[in-house]
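**Student:** sequence first, then the predicted structure:
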Amino acid sequence: MAAFSPLDNLWSLFSKDIGMDLGTANTLVYVKGRGIVINEPSVVAINLKTNQILAVGKDAKKMVGRTPGHIVASRPLRYGVVSDFEVTEKMLKYFFDKVHSEVSPYFPHRPRLVIGVPLGGTEVERRAVVQAAKNAGARAVYLVEEPMAAAIGAKLPIAEPNGVFIIDIGGGTAEIAVISLGGIVISKSIRYAGDKLNDDIINFVREEFKLAIGERTAEEVKIAIGSVKDSGQNHDMVIKGRNLITGLPQEMIIKEKHVREAIKDSIENLIEAVQETIERTPPELVADLMNRGLIMAGGGSLLGGLAEYLSEKTCVPVKVAEDPMTAVVRGTSMILEDLDTLSEVLVDTDLQQVPL
Ligand code: ADP
Ligand code: MG
């Protein structure tokens, strides 16, 4: 599948191939020979008056919820799809240029790119990602579905005739996949993931405490004291917001049990989705699931007690992959290293070869 024309060899002299996890919450970029060089929020801040990018990544995330009317800080991939093509393209270009200035500042940088994309995206969405990468300067673009990349990154034996079960819980989506013989046998993608839990916390605090808090605060609470099972340590945290009755600023303490209550329904939905996937899985593969267990990846898998709770509810062993937030990008890097052998895992489309 990989093209090796003389021109390709020339480009490859000074272009370092890139693996990319274009996540709904975070974008990670791996550069061959360098490792992970970018790990930043998938957020772009744009000045609507001038249509210029003000910030991308960490700096843009700081602006979320704090912008005046003419500035928007948005997440173009929020729902796992390219909801805003132009912004996605700008973001890709920004990260590309950042890599370029480091790896080959004096030459054109025309890398080959392996990009992790969400499960079950439409052809139009995939085309949008390929086009964005192409416009940003890639000379070949290969797409891989994120759970597949996560499984490869987690070093699971995806090519064997055995079921590999993976759930990648990100910001906008959670993706569950059963992989065997290098292909996805069964899969499911749902929108009950990290962002939904943040919203749950915002709504709970508003209803129970009449306090308005922002998305960033809710995420901090979730990461610091969020759990699905009692940790036995009575964690709590001070939060600040606006009292909805007096309209004045207020500080209060939120407890672990509040967060658990807030996210309960979403967690149940997540568990149901896993159960449904198991129900649709052929019996031989279910037997493999019993042996090998379900592997979790993505930032959402770090939620306190989730692995244990999921295991109790589904009667299968559940493990969190090593370094779960980098599993997808490490998977894309492993595909890059071995494009010929691993080409079977790539999304089958005629889009990926970009004319040189
Ligand atoms: P995506 O692939 O969609 O970009 P990531 O895999 O980067 O998403 O995960 C981001 C999500 O993980 C966010 O919703 C974030 O709040 C959540 N997250 C990160 N760390 C933790 C943690 N320790 N506990 C719970 N959720 C976490
Ligand atoms: Mg992801």
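**Tutor:** Looks like it arrived, so ask away. Ligands and ions are numbered 1, 2, ... in the order given.
**Student:** report pLDDT for whichever residue of the stretch 51-200 of the chain sits closest to ligand 1.
**Tutor:** Per C-beta to the nearest ligand atom, Gly194 is where the stretch 51-200 of the chain lies closest to ligand 1, at 1.9 Å. In short, each C-beta sits where N, CA and C put it, glycine included. Looking at Gly194, its pLDDT reads 97.
**Student:** wait, doesn't it sit right on Ile169?
**Tutor:** Yes: in this structure Gly194 lies within contact range of Ile169 using C-beta atoms under 8 Å: 6.8 Å.
**Student:** quick one on the thing from earlier: list the contacts for the residue of the stretch 51-200 of the chain closest to ligand 1?
**Tutor:** Gly194 sits next to 25, 169-172, 219, 222, 298-300 when contact means C-beta atoms under 8 Å, 6 or more residues apart in numbering.
**Student:** again, 6 Å this time
**Tutor:** Gly194 makes contact with 171, 299-300, according to C-beta atoms under 6 Å, 6 or more residues apart in numbering.
**Student:** what about Ala55, which SS state?
**Tutor:** The three-state label given to Ala55 by DSSP: H, G, I helix; E, B strand; the rest coil is strand.
**Student:** what strand or helix carries the spatially closest residue to it that is not a sequence neighbour?
**Tutor:** Excluding the flanking residues, the one nearest Ala55 by C-beta to C-beta, 6 or more residues apart in numbering is Ala45, at 4.5 Å. Assigned by DSSP states H and E, Ala45 belongs to strand 44-47.
**Student:** what does stretch 16-28 rub up against?
**Tutor:** Against stretch 16-28 from outside (C-beta under 6 Å, 6+ apart): 29-32, 36, 39-42, 77-78, 80, 103, 111-116, 170-172, 328-329, 332-333, 336.
**Student:** could you rerun that using 7 Å?
**Tutor:** Contacts with stretch 16-28, where a contact means C-beta atoms under 7 Å, 6 or more residues apart in numbering, come from 29-34, 36, 38-42, 75, 77-80, 95, 99, 103, 111-117, 129, 170-173, 194, 299, 326, 328-329, 332-333, 336.
**Student:** from start to finish, how long is it in a straight line?
**Tutor:** 15 Å (C-alpha to C-alpha, to the nearest Å).
**Student:** that stretch and ligand 1, are they touching?
**Tutor:** Yes: using C-beta under 6 Å from any ligand atom, stretch 16-28 reaches ligand 1 at 23-26.
**Student:** which two among those are spaced furthest apart?
**Tutor:** Thr24 and Asn26 (8.3 Å; C-beta to C-beta).
**Student:** ranges for the helices of this protein?
**Tutor:** Ranges of helices within the chain are 6-14, 58-63, 85-103, 123-135, 146-153, 194-209, 215-225, 256-280, 283-292, 306-314, 327-337, 339-342, based on DSSP state H.
**Student:** before we move on, back to that, now for the residue nearest to Ala55, how many residues are close by?
**Tutor:** Number of residues near Ala45 (other C-beta atoms under 10 Å) recorded here: 23.
**Student:** over to Val72?
**Tutor:** So Val72, with other C-beta under 10 Å, has 16 neighbours.
**Student:** isn't it right up against Asn51?
**Tutor:** No: at 11.0 Å, Val72 does not count as touching Asn51 under the criterion of C-beta atoms under 7 Å.
**Student:** residues from the stretch 151-300 of the chain in reach of ligand 1?
**Tutor:** 170-172, 194-195, 219, 222-223, 226, 298-300.
**Student:** out of those, who's nearest ligand 2?
**Tutor:** Gly170 (3.8 Å; C-beta to the ion).
**Student:** that closest one: neighbour count?
**Tutor:** By other C-beta under 10 Å, the residues close to Gly170 number 27.
**Student:** for Met296, same thing?
**Tutor:** Neighbours of Met296 (other C-beta under 10 Å): 26.
**Student:** show me what it is bridged to.
**Tutor:** Met296 has these beta-bridge partners by DSSP bridges: Ile167, Val320.
**Student:** who's in contact with it?
**Tutor:** Met296 neighbours (C-beta under 7 Å, 6+ apart): 167, 169, 307, 318-321, 324.
**Student:** make a markdown table out of those and add neighbour count and pLDDT.
**Tutor:** Formatted as a markdown table, these follow (neighbours: other C-beta atoms under 10 Å; pLDDT from 0 to 100):
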| residue | neighbour count | pLDDT |
| --- | --- | --- |
| Ile167 | 26 | 97 |
| Ile169 | 24 | 97 |
| Ala307 | 20 | 97 |
| Val318 | 21 | 98 |
| Lys319 | 14 | 97 |
| Val320 | 17 | 98 |
| Ala321 | 23 | 98 |
| Pro324 | 21 | 98 |
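**Student:** and the furthest pair within these?
**Tutor:** Ile169 and Lys319 (13.6 Å).
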